[in-house]
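Asks: 3D, please:
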Amino acid sequence: MKRIGKDVPTGIFILAGISFLQGFHLFLTALLAISTSFTAAIIDLILGAYFIICGSGLVKLKFEGWMLAAIVVAVYLLLALANIALGGSLTAGIIDIIIGGSLLIYLNRPEIKKIFEK
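Replies: Coordinates of the predicted model:
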């Protein structure tokens, strides 16, 4: 996909799409949760907006989009490690670490970071 003279790498395009889907999913979850837990609904709305802003920044190749995606992946890795440390499934934790680590490595590849330079 072309954006203002720059090609959006396929991996970034896929991450942006997943981010949009997650954001809309959280918005729908918030609508369903509002009757049971107002606090949970507000948290889902905030996270949904975060993911939609992240996806938009990734598609537009803005540095802010890259930064938001890197933060999400880093938190995902920390939660996977915490899950293992707290006695969660070791197999699932290792799979989560592999997925998160792969995404973090991809986002930090020189050619990807260069695309998002200010």
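
Asks: give the burial count for residue 48, as a bare number.
Replies: 19 (other CB atoms under 10 Å). All C-beta spots, glycine's among them, are computed from the backbone N, C-alpha and C.

Asks: could you find the closest non-adjacent residue to it?
Replies: residue 26 (3.4 Å; CB to CB, 6 or more residues apart in numbering).

Asks: residues contacting that neighbour?
Replies: 44, 45, 47, 48, 51 (CB atoms under 8 Å, 6 or more residues apart in numbering).

Asks: please apply the same query to residue 97.
Replies: Residue 97 touches 77, 80, 81, counting by CB under 8 Å, 6+ apart.

Asks: confidence score at it?
Replies: With respect to pLDDT, residue 97 has a value of 92.

Asks: and if you look at the one 4 residues further on?
Replies: The model reports residue 101 with a pLDDT of 92.

Asks: i'd like the first residue to be 12 from this point on
Replies: Yes, from this point I'll number from 12; that puts the last item at residue 112.

Asks: which of the contacts of residue 108 ranks first by neighbour count?
Replies: residue 91 (21 neighbours).

Asks: what distance do you get for the residue sitting furthest away from the middle of the chain to residue 23?
Replies: Distance from the centre of the chain peaks at residue 46, with 27.0 Å (CA atoms, centre = their mean). To residue 23, residue 46 is 37 Å away according to CB to CB, to the nearest Å.

Asks: with residue 85 instead?
Replies: 17 Å.

Asks: what's the helix or strand for residue 84?
Replies: Applying DSSP states H and E as the criterion places residue 84 in helix 74-96.

Asks: for the record, mean pLDDT for that helix?
Replies: The model assigns helix 74-96 a mean pLDDT of 92.

Asks: pull out the buried residues from it.
Replies: Across helix 74-96, burial judged by 16 or more other CB atoms under 10 Å covers 76, 77, 79, 80, 81, 83, 84, 87, 88, 91, 94, 95.
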